[in-house]
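Enquirer: Could you look at this predicted model? Sequence included:
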Amino acid sequence: MRTFNWLRSSAATTVLGAALLGIFGGGEAAAQGKQLTLCWAAWDPANALVELGKDFTKQSGIEMKYEFVPWTSYADRFLNELNSHGKLCDLIIGDSQWIGGAAENKWYVKLNDFFDKEHISMDDFVPATVVGYSQWPKNSANYWALPAMADAVGWTYRKDWFSRPDIQSAFKAKYGRDLAPPKTYDELKQIAEFFQGREIDGKKVYGAYIFTERGSEGITMGVTNVLYNYGFSYDNPKKPYQMQGIVNSAEAAKGLEFYKELYKCCTAPGMTNAYMQEGLDAFKSGQVAMQMNWFAFFPGLYKDPNVGGDKIGFFVNPAGPNGHFTQLGGQGISVVATSDRKDDALAYIKWFAQPAVQQKWWQIGGYSALKAVVDAPDFPKSAAFAPQFLESMGIVKDFWAEPSYAQLLLDMQKRVHDYVVADKGTAQQTLDLLVKDWTKVFKEQGKQVASQ
């Protein structure tokens, strides 16, 4: 259970109230009749944001409306809205991969002057979230969003199964070591093989749940967790867009082979096109021993009456032979350039950036990227998954954030799914074809693609 006793104290309430009065001047009447629409995906953190937004309305008098759509249609819905210069959204929590296109197409308001005026410093946020959610070009001082929802891929496991004496004994007899959350991908595969097809409490169970969805981003967001740790990179950091021998290195091919082996050996039947919800369902129904998913869902899983509490454990994405990374998720919050309510939208961002608001955001189910929250001495004890979240945010990598990211993503989705699920070609052929796909996209965008 999370412990945020300081936030519940009268002193903290006074601090929060004073901070909000400082932002809005207590002028609720002046804002009478105003409203903002915030656009995001429909999931548990969005429900927490609605609850949090009540404080903004109470202090500012600005009514908050929300447009939430399922993840399966999130990108199509809102990228079309932005591209058509629509006025539905005043604020948008856009995916990390959108930032390049949003900046270059002028969909978002550039926030540098606003941040300077309001003394909002990006140095106060977790560095990976600033690079991932806010900056374009990357590693430049050009900001288009405030880090809003820190997230990464992590793992859950059935702690109650792992701790059973009969299972512990059987595992040690077979592998000569104690059964514990895996530190490496080799250990993870070993544990998954051990649980695959095993009967527990009269029910057949399976080793691991991993992402395989083809239509949007699922299998890419899954396979990269292995690829990064086998040595895969998107391009040569010293030669932008040099992908030959980087994307399709021998080490990367071994990582892709591993993901396919894990899918074939150790997952439940029928998981050929599965992503976030299918993983949650598999874990909640007691089908799998371990589950890959986003940290965003872990508060809800911890509260689940059937598999939560003492029955669930969490671990960081395992290391591979050539590194230890995990896939970045999460989003920043931006002001939409076509909004007629930019000043009010900026007031919301100023409010949201306050440390007291960020602390409450973490308390009620969001994931703060503010250092004052996550670097606090008591943060690791604030939730069962907080230590793993903190470690994960220190080892994250992200997919391309280029304006052409959507086509780059679709190319990878197709190639990886064809190999892993549909058994087409070899891992090396798959990555060779992916280099050709991406080279074509970048050349069409006028990018100078470096040769090996």
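Expert: Received, thanks.
Enquirer: and Asp153, that one's in a strand?
Expert: Quick fix: residue 153 reads Val, not Asp. Yes: Val153: assigned to a strand according to DSSP: H, G, I helix; E, B strand; the rest coil.
Enquirer: What are the boundaries of the strands in the stretch 251-400 of the chain?
Expert: 288-294, 312-316, 326-335, 396-397 (DSSP state E, counting those that start in this stretch).
Enquirer: And for the stretch 1-150 of the chain?
Expert: 35-41, 63-69, 91-95, 146-158.
Enquirer: tell me the mean pLDDT over the first one?
Expert: Right, strand 35-41. Strand 35-41 shows a mean pLDDT of 98.
Enquirer: Of the strands of the stretch 251-400 of the chain, flag the one that's most buried.
Expert: strand 326-335 (a mean of 26; mean count of other C-beta atoms under 10 Å). For glycine as for every other residue, the C-beta is placed from the backbone atoms N, C-alpha and C.
Enquirer: Now do the same contact list for the most centrally placed residue in the chain.
Expert: Residue closest to the average C-alpha location in the chain (C-alpha atoms, centre = their mean): Gly329, at 1.9 Å. Applying C-beta atoms under 8 Å, 6 or more residues apart in numbering to Gly329 gives the contacts Ser96, Asp151, Ala152, Val153, Met221, Trp294, Phe295, Ala296.
Enquirer: let's see it at 6 Å
Expert: By C-beta atoms under 6 Å, 6 or more residues apart in numbering, the contact list for Gly329 reads Asp151, Ala152, Trp294.
Enquirer: And Tyr133, by the same measure?
Expert: Ser96, Ala145, Pro147, Gly332.
Enquirer: Which members of those residues are classed as buried?
Expert: Buried members of the contacts of Tyr133, counted by 16 or more other C-beta atoms under 10 Å: Ser96, Ala145, Pro147, Gly332.
Enquirer: hang on, the earlier thing: dump the contacts of Tyr133 into JSON lines; add pLDDT and distance to Gln358 as well.
Expert: Formatted as JSON lines, the contacts of Tyr133 follow (pLDDT from 0 to 100; distance: C-beta to C-beta, whole Å):
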{"residue": "Ser96", "pLDDT": "94", "distance to Gln358": "19"}
{"residue": "Ala145", "pLDDT": "98", "distance to Gln358": "15"}
{"residue": "Pro147", "pLDDT": "98", "distance to Gln358": "10"}
{"residue": "Gly332", "pLDDT": "98", "distance to Gln358": "14"}
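Enquirer: which one of those residues sits closest to Asp418?
Expert: Ser96 (25.6 Å; C-beta to C-beta).
Enquirer: From Ala42, how far out is the residue nearest to the centre of the chain?
Expert: 16 Å (C-beta to C-beta, to the nearest Å).
Enquirer: repeat for Glu118
Expert: 30 Å.
Enquirer: do the same with Trp294
Expert: Taking C-beta to C-beta, one finds Trp294 at 14 Å from Ala42.
Enquirer: circling back: put together JSON lines for the contacts of Gly329, with pLDDT on each row.
Expert: Shown next, in JSON lines, are the contacts of Gly329 (pLDDT from 0 to 100):
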{"residue": "Asp151", "pLDDT": "98"}
{"residue": "Ala152", "pLDDT": "98"}
{"residue": "Trp294", "pLDDT": "98"}
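Enquirer: Closest to Ala252 out of these?
Expert: Ala152 (20.7 Å).
Enquirer: The closest one touches Thr326, doesn't it?
Expert: Yes: contact criterion C-beta atoms under 6 Å: Ala152 and Thr326 qualify, at 5.1 Å.
Enquirer: domains of the protein?
Expert: Domain assignment for the chain by the TED database gives 35-151+330-397, 153-327.
Enquirer: Nearest to Gly425, out of these?
Expert: Using C-beta to C-beta, the domains of the chain put domain 153-327 closest to Gly425, at 10.7 Å.
Enquirer: End to end on the closest one, go ahead and measure it.
Expert: 6 Å (C-alpha to C-alpha, to the nearest Å).
Enquirer: so how far is that domain from its chain's centroid?
Expert: Distance of domain 153-327 from its chain centroid, counting by C-alpha atoms, centre = their mean, to the nearest Å, is 16 Å.
Enquirer: How about stretch 111-122?
Expert: On C-alpha atoms, centre = their mean, the centre of stretch 111-122 falls 25 Å from that of its chain.
Enquirer: Same check on stretch 110-124?
Expert: Centre to centre, stretch against its chain (C-alpha atoms, centre = their mean), the figure for stretch 110-124 is 24 Å.
Enquirer: Output the below-cut-off pLDDT ranges for the protein.
Expert: Counting by pLDDT under 70, the chain contains low-confidence residues at 1-32, 452.
Enquirer: Would you agree Ala145 is in contact with Gln135?
Expert: No: if you go by C-beta under 6 Å, Ala145 and Gln135 don't touch, sitting 8.8 Å apart.
Enquirer: Ramachandran angles for Val415?
Expert: One thing to correct before we go on: residue 415 is Arg, not Val. The phi and psi torsions at Arg415 (degrees, to the nearest 10) take the values phi -60, psi -50.
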